[in-house]
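Asker: I would like the atomic coordinates for the input below:
(2 chains)
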2 protein chains.
Amino acid sequence: MMDVAAQLLAGKVAAGARAIRWLDDRDPRAGELLRRIFAATGRAHIIGVTGPPGAGKSTLVDGIIAEERRRGRRVGVLAIDPTSPFTGGAILGDRVRMSRHALDEGVFIRSMGTRGESGGLSRATYDAALVMDAMGYEVVIVETVGVGQEEIDIVALAHSTIIVCVPGLGDEVQAMKAGLLEAGEILVLNKADREGFEQTWRHLELLLHLRGDGRVAGGWAARLLPAVATRNEGAGAIVAALDEHRRYLEDSGEFARQCGRRSEQQFLALARAALMADLLCGPAAELLSHVRARRLDPYTAAEQLSAQLRAGRTPR
Amino acid sequence: MMDVAAQLLAGKVAAGARAIRWLDDRDPRAGELLRRIFAATGRAHIIGVTGPPGAGKSTLVDGIIAEERRRGRRVGVLAIDPTSPFTGGAILGDRVRMSRHALDEGVFIRSMGTRGESGGLSRATYDAALVMDAMGYEVVIVETVGVGQEEIDIVALAHSTIIVCVPGLGDEVQAMKAGLLEAGEILVLNKADREGFEQTWRHLELLLHLRGDGRVAGGWAARLLPAVATRNEGAGAIVAALDEHRRYLEDSGEFARQCGRRSEQQFLALARAALMADLLCGPAAELLSHVRARRLDPYTAAEQLSAQLRAGRTPR
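Answerer: Model prediction:
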């Protein structure tokens, strides 16, 4: 264990790969490891990339990696597929597209996809980003498949989020609206050489206008950028916008605050899990058996439990 | 409150609509209401319908409603859009398609879409299904947009789940695999008159074969059924399969067991929420402030909390 933590902090890829596998498998050794490396985290710029399937996210990430490398930064990539309990299929295909960086020692790419309890994957993804951060990757890109709630939770852990759209995805844009409205600091309209570009561009402009976050004095005004990832066009401007956003976060003190907030969320999630485990050995066990047998409705049972806890906390 | 519960139990639509709005808004009055109506639940056949956007779920649900009505059953429908904090857009369009049942007193259709904490929507959906159950709807259909983790959680509350596919959705089927493998008791290949039908049919047959649940003696072998929802074809066979599945659940004792399990989950979710609220006023508050200030890493903080709880439970 000491070895894995020490080697990871020295940037050893094998140790990092093992740590991320532990996280993906919910291996209990991960907790101790994270404790050991935590002090070395909080430096990496974590970038979330999401968008509908087929939007060309992986090809775009490929271009972003190349741009970041050109700027001399080491890049970690986490490819997350919440619907896939096995690493393979679509993800594997996407990984192959990234292979031009496979021999570059400054690039470390990992897939995660194990599905556990709700929220478990975004917690594991956050921890995996910390692992890459502690390994010394200055930029950590978290790329998801699809745009469901879980994907939005996952990219919410990022400092900067890129939403990738393509021309003519009327329904998908519709379905993404809610997430877009809250999540993306940078919107990329990929496949900009395609028919329907103008219309989708105007649609997205309107969306950003309605969001109006630029109106807040000192606030970040989301960027809309075109790209043709397959022709390697647009990545330079995207990385420039990312750098600008990072500076904005640092200047406003948000970078440090976000790290604190994410730690807080992580603590709450862990506390919740620990509490429930603890509780099921204790006061909740009997109530649960009544609920299971339908002798008691779940709402009354939860209220009784709360009452017991309040009574337990009263100083005696 | 007494009024809303009593009127709801008498099948009054206005009371049901109000109760579901409370659930959607996380109104505290919902808890007391659910307690009052709980004894009248456990009778409805809850049917989940999910599948990728554009698969024709709403048109298919429309046909299923008509078939259930022909069999003399009253039908409740919950249309769930986890990504939409506003009821409108895509959902509203879908609702319009169901309008031929709008004047039928035996049909009650509601949309829910408020996004809250992770897992909150599936909990609210379950409660809303209980409301419809208590109102006397023999069949409650829960229809989701998309096929992400949250949608799978939502349909997991159903007794019977229908997965709607369409020909030629290679990537989408790929992405759905994991959910399909676990969730669907009935697979419907809609738009069966489209090109690519044969290939997708064989693909799904293979998927079901790999699942192999029919091999378990006495187990339910998932059904694969074709449909052309826009021409009103296939709904009869789907409802026949649903009836068969309900009989299977009742004969095997699973129907009652599922009700118990869902109550149990509901209790655990409520208990978790209550606990966290309780905790944040108590022992966790100080740890949380340390984590926020990065004086303590979240993993150590969670462990310290667990230790405190264990010590607290030791009899004095």
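Asker: going by C-alpha atoms from here, please, whenever you check contacts or count neighbours.
Answerer: Fine.
Asker: how close does residue A:19 get to residue A:10?
Answerer: Residue A:19 is 13 Å from residue A:10, where distance means C-alpha to C-alpha, to the nearest Å.
Asker: okay, the two: which has more neighbours?
Answerer: Shown here are residue A:19 and residue A:10; by other C-alpha atoms under 10 Å in any protein chain shown, residue A:19 has more neighbours (25 against 14).
Asker: helices of chain A, start to end?
Answerer: Secondary structure of chain A by DSSP state H: the helices cover A:2-9, A:13-24, A:29-37, A:57-70, A:89-97, A:120-134, A:149-155, A:170-183, A:197-211, A:235-251, A:254-281, A:284-292, A:298-313.
Asker: as a markdown table, these with mean pLDDT and distance to chain B would be great.
Answerer: Converted to a markdown table, these look like this (pLDDT from 0 to 100; distance: least, C-alpha to the nearest C-alpha, whole Å):
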| stretch | mean pLDDT | distance to chain B |
| --- | --- | --- |
| helix A:2-9 | 90 | 15 |
| helix A:13-24 | 92 | 13 |
| helix A:29-37 | 91 | 6 |
| helix A:57-70 | 94 | 14 |
| helix A:89-97 | 45 | 7 |
| helix A:120-134 | 89 | 10 |
| helix A:149-155 | 73 | 6 |
| helix A:170-183 | 54 | 6 |
| helix A:197-211 | 81 | 14 |
| helix A:235-251 | 96 | 17 |
| helix A:254-281 | 81 | 5 |
| helix A:284-292 | 85 | 5 |
| helix A:298-313 | 80 | 5 |
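Asker: I'd like those as a markdown table, with distance to residue A:44 appended.
Answerer: Output for the helices of chain A, formatted as a markdown table (distance: least, C-alpha to C-alpha, whole Å):
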| stretch | distance to residue A:44 |
| --- | --- |
| helix A:2-9 | 14 |
| helix A:13-24 | 15 |
| helix A:29-37 | 14 |
| helix A:57-70 | 13 |
| helix A:89-97 | 22 |
| helix A:120-134 | 5 |
| helix A:149-155 | 15 |
| helix A:170-183 | 19 |
| helix A:197-211 | 27 |
| helix A:235-251 | 10 |
| helix A:254-281 | 10 |
| helix A:284-292 | 41 |
| helix A:298-313 | 41 |
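Asker: out of those helices, which is closest to residue B:58?
Answerer: helix A:170-183 (14.7 Å; C-alpha to C-alpha).
Asker: quick check: pLDDT value at the closest residue to residue A:226 other than its chain neighbours.
Answerer: Leaving out its chain neighbours, the residue that sits closest to residue A:226 by C-alpha to C-alpha, 6 or more residues apart in numbering or on different chains is residue A:189, at 4.8 Å. According to the prediction, residue A:189 has pLDDT 93.
Asker: number of residues surrounding residue A:189?
Answerer: 23.
Asker: show me the beta-bridge partners of the residue lying closest to residue A:112 once chain neighbours are set aside.
Answerer: Leaving aside its chain neighbours, residue A:112 sits nearest to residue A:80 (5.0 Å; criterion: C-alpha to C-alpha, 6+ apart). Here residue A:80 sits in beta bridges with residue A:112, residue A:144, going by DSSP bridges.
Asker: for residue A:80, what are its contacts?
Answerer: By C-alpha atoms under 8 Å, 6 or more residues apart in numbering or on different chains, residue A:80 lies in contact with A:111-113, A:125, A:142-145.
Asker: now swap in residue A:45 and tell me
Answerer: Contact analysis of residue A:45 by C-alpha under 8 Å, 6+ apart lists A:138-140, A:159-160, A:246.
Asker: over to the nearest residue to residue A:194 once chain neighbours are set aside: give its phi and psi.
Answerer: Nearest in space to residue A:194, with sequence neighbours left out and distances taken as C-alpha to C-alpha, 6+ apart, is residue A:167 at 6.6 Å. Torsion angles at residue A:167 (phi, psi; degrees, to the nearest 10) stand at phi -60, psi 140.
Asker: thought residue A:167 was touching residue A:202?
Answerer: No. Under the criterion of C-alpha atoms under 8 Å, residue A:167 is not in contact with residue A:202, lying 10.5 Å apart.
Asker: looking at the two, which is more packed in?
Answerer: The neighbour comparison of residue A:167 against residue A:202 (other C-alpha under 10 Å) goes to residue A:167, with 21 against 11.
Asker: tell me who's in contact with that one.
Answerer: Contacts here follow C-alpha under 8 Å, 6+ apart; on that basis residue A:167 touches A:189-192, A:194-197, A:199-201.
Asker: which among these count as buried?
Answerer: Listed as buried from these are A:189-192, A:197, A:200-201; burial here means 16 or more other C-alpha atoms under 10 Å in any protein chain shown.
Asker: wait, what's in contact with residue A:132?
Answerer: Contacts of residue A:132 by C-alpha under 8 Å, 6+ apart are A:16, A:76, A:140.
Asker: test my guess that the second one contacts residue A:143.
Answerer: If I follow you right, that is residue A:76. No. Residue A:76 lies out of contact with residue A:143 (C-alpha under 8 Å); the separation is 10.9 Å.
Asker: related to what we said a few turns ago, residue B:152: which of the helices of chain A is closest?
Answerer: Across the helices of chain A, residue B:152 has its closest neighbour in helix A:149-155 (11.2 Å, C-alpha to C-alpha).
Asker: just the C-alphas of that closest one, formatted as CSV.
Answerer: Extracted C-alpha coordinates of helix A:149-155, given in CSV (Å, rounded to 0.1, in the frame of the first residue of the first chain):
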residue,chain,number,x,y,z
GLN,A,149,-28.3,12.8,-15.1
GLU,A,150,-25.4,10.6,-14.1
GLU,A,151,-23.2,12.2,-16.9
ILE,A,152,-24.2,15.6,-15.7
ASP,A,153,-23.2,14.6,-12.1
ILE,A,154,-19.9,13.4,-13.4
VAL,A,155,-19.0,16.5,-15.3
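Asker: what's it packed up against?
Answerer: Under the contact criterion of 3 or more C-alpha pairs under 8 Å, 6 or more residues apart in numbering or on different chains; DSSP states H and E, helix A:149-155 touches strand A:45-50, helix A:120-134, strand A:139-144, helix A:170-183, helix B:149-155.
Asker: noted, bye for now.
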